[in-house]
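In: the following block contains a protein sequence and its predicted model.
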Amino acid sequence: AQKLHEEYYLGWHDVSLPHKIKIGIGGCPNNCAKPDINDFGIMGQRTPDYCEDDCKKCRKCAVANACPVKAASVDENRVMHIDGQGCTFLMEPGVSFFAFVGCENVRLENCTFDMTEPVYLVGKVESVSGKTVTFTTDRDPHTGSYDFTGENGFCIRFNEGVQNRPHRFIAQMTRTGDKRVSVVYRDQPDVAKGDLVFLPNPGIGHHYGEVVYIGSCTGAMVFENINVRQAPSFIMNVRSNNAEIYFENVDFMPDGNDGRAIHMVSWRDGYHCKDNRLPIHWNECDVGVLFDDVFNISNTLGYVTGTSGDGIFSACNYELYSMGQRAAFDCRAGDVVDVYDLDTGAYCGSGKVREVTVNPNGMSTMILDYGEIVRNVHEGCVVANRNTGAPGSTITNSRFTGTYRFLRDLRVENCRFEALAMWM
């Protein structure tokens, strides 16, 4: 960190730029220099070199030993407990709360997550002129002018019922006075004078990542007695885990006593669960109004880039392919895949994968078991892996309001769903 600081501060201090620019470099795990709030920031982090064969199973933990209030501990079964003890974590714009990456046997419990600033404004329509709508708002915006086109930012007209709250994408928001803004819609707005509208707080709503990220974990993860009051984007981003994950009494509910006319929790998914190989379990969970999916339990599709015989084809990650990038499609020997013709919607068949080769160009070549022929496969077909959509997940004794995407076999028992929309 010191070397980089000197390189920029001493080596580049005389470079003339058209505007003031702030550079922050931090090598402290406590983020003292706050590089993330500068125009350009570098945050150093040491990657532990963990060797399971050398582990003595001593149950000593640097996190537990360093915690001054003893919120973290390791029990006799080597489960890490992080106990919030009823505290509230306040999230600054641009900072996520927790990231659990490559973890196993962790329990997070007894805490609340909230934002230091609201993620939305309550706007009341004053006038409509073409695609431009002026609003009075219940809060001043976070920034004076903001371009939402790069984030696919949207707003939502409120009505008294749960249904018919469509997303309307917006291009620009500009502060025009004390608690007044002008919003340019990307298409013709569907509002009239006096309507109440959820507006993203510019620079916060839609802009930042998830509250909690859970990725590539290999042992059970438990989240219990947790409340989330509001979030700027996703709440729980659960991706590419090979572990069962449990949510027990986890509530996403707004603060109904804050004096605001209408309420919401988050602009994006409550549980964005993709490419998980083992079940995820929810029990006694309560989710209020989200305007994307409460659940998106699915997997990333593969995009067929070529075939070389019956039951042999190459595919890449469809999400990245659509953005002009190449990356391997998550598939292993023994997985069962379904193939569809993306143009016609026709089902081409399914098969068990016998062999997978990741090629230097990022494509995965898949060979199905002998005798299994998937017919009419060609470039442009898509591949769905049955083993990576959290198969066998359960939702019990819970209540939800929002939209839902369910892909794999799922057991739902004793639940209430108020649906804006549902894909199954």
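Out: In hand now; what should we look at?
In: look at the nearest residue to residue 304 once chain neighbours are set aside and report its pLDDT.
Out: With Cβ to Cβ, 6 or more residues apart in numbering as the criterion, residue 304 has its nearest non-adjacent residue at 4.2 Å, and that residue is residue 381. Backbone N, C-alpha and C define where each C-beta goes, glycine included. Predicted confidence (pLDDT) for residue 381: 93.
In: what's near enough to touch residue 381?
Out: Contacts for residue 381 were tallied using Cβ atoms under 8 Å, 6 or more residues apart in numbering; they are 303-304, 313, 339-342, 348.
In: any chance of these in a markdown table, with distance to residue 274 and neighbour count too?
Out: Formatted as a markdown table, the contacts of residue 381 follow (distance: Cβ to Cβ, whole Å; neighbours: other Cβ atoms under 10 Å):
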| residue | distance to residue 274 | neighbour count |
| --- | --- | --- |
| 303 | 16 | 23 |
| 304 | 20 | 27 |
| 313 | 22 | 26 |
| 339 | 19 | 24 |
| 340 | 18 | 18 |
| 341 | 23 | 16 |
| 342 | 19 | 14 |
| 348 | 23 | 20 |
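In: residue boundaries of the strands in the stretch 201-350 of the chain?
Out: 212-215, 221-228, 236-239, 245-252, 271-274, 280-283, 286-298, 302-307, 312-317, 336-340, 347-358 (DSSP state E, counting those that start in this stretch).
In: so what's the residue count around residue 34?
Out: Residues contacting residue 34 under the criterion other Cβ atoms under 10 Å number 14.
In: that one and residue 25: what is the separation?
Out: In this view, residue 34 and residue 25 are 11 Å apart by Cβ to Cβ, to the nearest Å.
In: shared neighbours of these two, which are they?
Out: The contact lists of residue 34 and residue 25 share residue 41, where a contact means Cβ under 8 Å, 6+ apart.
In: pLDDT weak spots in the stretch 201-350 of the chain?
Out: Residues of the stretch 201-350 of the chain that meet the criterion pLDDT under 70 are absent altogether.
In: of all the strands of the stretch 201-350 of the chain, which one is nearest residue 181?
Out: Nearest to residue 181, of all the strands of the stretch 201-350 of the chain, is strand 286-298, at 19.0 Å by Cβ to Cβ.
In: which helices and strands does that closest one pack with?
Out: strand 245-252, strand 271-274, strand 399-406 (3 or more Cβ pairs under 8 Å, 6 or more residues apart in numbering; DSSP states H and E).
In: mind putting the ones you listed in JSON lines, mean neighbour count and distance to residue 147 included?
Out: Below are the helices and strands packed on strand 286-298 laid out as JSON lines (neighbours: other Cβ atoms under 10 Å; distance: least, Cβ to Cβ, whole Å):
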{"stretch": "strand 245-252", "mean neighbour count": "21", "distance to residue 147": "28"}
{"stretch": "strand 271-274", "mean neighbour count": "24", "distance to residue 147": "25"}
{"stretch": "strand 399-406", "mean neighbour count": "20", "distance to residue 147": "26"}
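In: between those, which gets nearest to residue 18?
Out: Once the helices and strands packed on strand 286-298 are compared by Cβ to Cβ, strand 271-274 is nearest, at 38.9 Å.
In: give me the distance from that closest one to the chain's centre.
Out: Put simply, strand 271-274 sits 7 Å off its chain's centre (Cα atoms, centre = their mean, to the nearest Å).
In: how confident was the prediction at residue 94?
Out: Residue-level pLDDT assigned to residue 94 equals 69.
In: ok, and for the lengthiest helix in the chain, which residues are buried?
Out: Within the chain, and with DSSP state H defining each element, the longest helix by residue count is helix 2-9. Going by neighbour count (16 or more other Cβ atoms under 10 Å), the buried part of helix 2-9 is residue 5.
In: toward the C-terminus, what is the element adjacent to it?
Out: Once helix 2-9 ends, the next helix or strand along the chain (criterion: DSSP states H and E) is strand 23-26.
In: that next one pairs with which strands, and in what direction?
Out: Its sheet considered, strand 23-26 pairs with strand 40-43 (parallel) by DSSP bridges.
In: residue 180 bridge partners, please.
Out: residue 136, residue 177.
In: next one: the one 4 residues further on
Out: Here residue 184 sits in beta bridges with residue 132, residue 172, as judged by DSSP bridges.
In: contact partners for it?
Out: Residue 184 touches 131-132, 170-173, counting by Cβ under 8 Å, 6+ apart.
In: which pLDDT value belongs to it?
Out: At residue 184, pLDDT is 97.
In: would you mind measuring from it to residue 206?
Out: 16 Å.
In: and if you look at residue 360?
Out: In terms of Cβ to Cβ, residue 360 sits 37 Å off from residue 206.
In: what does residue 222 give?
Out: Using Cβ to Cβ, one gets 30 Å for the distance from residue 222 to residue 206.
In: between these two, who's got more neighbours?
Out: residue 206 (23 against 17).
In: so that one makes contact with residue 152?
Out: Yes. Applying Cβ atoms under 8 Å, one finds residue 206 in contact with residue 152, separated by 7.5 Å.
In: for residue 279, give me its contacts.
Out: 244, 390-394.
In: just the buried ones from these?
Out: Buried among those by 16+ other Cβ under 10 Å: 244, 390-391, 393.
In: can you redo those as TSV with distance to residue 158 and secondary structure?
Out: Formatted as TSV, these follow (distance: Cβ to Cβ, whole Å; DSSP: H, G, I helix; E, B strand; the rest coil):
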residue	distance to residue 158	secondary structure
244	38	coil
390	33	coil
391	37	coil
393	32	strand
